[in-house]
Structures are given as C-alpha cells and as structure tokens.
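Enquirer: no sequence for this one, just the structure:
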C-alpha cells in the first residue's frame, strides 16, 4: 500500500497511501481542479461533480487513496470492492475491484504520475487477493476514445460498451474496461 515508486525521468517518489481524514478536503480540491480542467477541454471524464461528503464517505470506508509525489498530495483515487448495477446481470452479480475517480493535479501533468498511480492501484488490488482491476469511463462524442485509449495503453482491455441511463434520466455512452493482474 505505501510502496514507493520512482519515475526515472523526474526522480520523484510517488506513493499510494490511504487518504486520511485530514486530507479529504485537499483531495476534493485536486479532484475539483481536475474536473474543471477536463470540462474546459471538452472531455467528459466525470458526468457530475462529486461533493466533499463523497470523499469523506469513501475515506471512512477505506476506499479512498492519496497519491503523494515527494510528500505532496498530487492526486486521489477510489478503490472499492463493489458491485455496480449499471452494467447488466453478468457484471453486477459479482463484487469486483473498481478504480474510480482517478484525479491527478495538473501541476503534476507530464510526469507519469497517473501511470504510476494506476500501477500502484494494481499492486494494491493484487495484495488484497484481487485478480483484476475494473474501471468505467465515458466515451463522449467530442473526444471519442481519449480516456479508453489512455487506459488501453496501461494494459486495460475493453469488456463492454453500453449506454447507461442514470436515475436523473441522463444517458451516456460508457466503456467498461478490465486489467488482469
């Protein structure tokens, strides 16, 4: 969990650690900056902005993690073991390790922090007995394949494409991806 990873091109030390209660608002601020940046670029990485209470709930449940670079909180990610009801009987029948809401502060862009965070999540899930990491992302028409392509480069394979209609009535094209460990 607190495994240190080193990026060769920056000599930074990156660690994935459980998010502390004291870090919840900092992590939420990183997420909000990432949400705003992606929205201004026209990338629908997340459909709705999450509240700080969601971060506090995930932290209390042990599902929220901080990504530290040289001791600075540079990002956050949720790693729950859960079922998701959006994706049909086969996927919702069995709990799985999901990677949600990976947000890296733009101040750390271009340093490979996202890739290191994904690798650390895979290590975390493997250490907890998991054999794969699952994620779902929007495949929006404006920037089709941007996010799925990113995760494909990191070893994730597409499992399902589906249009999901949420309780709000909004429907979005989603891609479900899996990386075997």
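Expert: Okay, I see it. Here the structure is a predicted model, which is why all the values come from computation and not from measurement. Numbers count the residues shown, from 1 in each chain.
Enquirer: buried residues, the helix or strand hosting residue 172. List them.
Expert: Assessed by DSSP states H and E, residue 172 sits inside strand 171-180. Neighbour counts over strand 171-180 (16 or more other C-beta atoms under 10 Å) mark 174-179 as buried. Bear in mind the C-beta positions are built from the backbone N, C-alpha and C, glycine included.
Enquirer: check the offset of it from the chain's centre.
Expert: The chain centroid and the centroid of strand 171-180 are separated by 12 Å under C-alpha atoms, centre = their mean, to the nearest Å.
Enquirer: now do stretch 71-78
Expert: Here the centre of stretch 71-78 is set off from its chain's centre by 11 Å, with C-alpha atoms, centre = their mean.
Enquirer: ok, stretch 80-97 next?
Expert: 16 Å.
Enquirer: likewise for stretch 93-106?
Expert: 4 Å.
Enquirer: stretch 160-178 now?
Expert: Distance, centroid of stretch 160-178 to centroid of chain: 16 Å (C-alpha atoms, centre = their mean).
Enquirer: ok, and what's touching the strand holding residue 172?
Expert: With contact meaning C-beta atoms under 8 Å, 6 or more residues apart in numbering, strand 171-180 is reached by 44, 47, 86-87, 91, 122, 131-141, 147-148, 151-152, 154-166.
Enquirer: same thing but at 6 Å, please
Expert: 47, 87, 132-139, 148, 151, 155-165 (C-beta atoms under 6 Å, 6 or more residues apart in numbering).
Enquirer: and what of stretch 101-118?
Expert: Contacts of stretch 101-118 (C-beta under 6 Å, 6+ apart): 5, 7, 10, 14, 30-31, 34, 37, 67, 69, 74-78, 154.
Enquirer: out of these, which end up buried?
Expert: Looking at the contacts of stretch 101-118 with 16+ other C-beta under 10 Å, the buried ones turn out to be 5, 14, 30-31, 34, 67, 69, 74-78.
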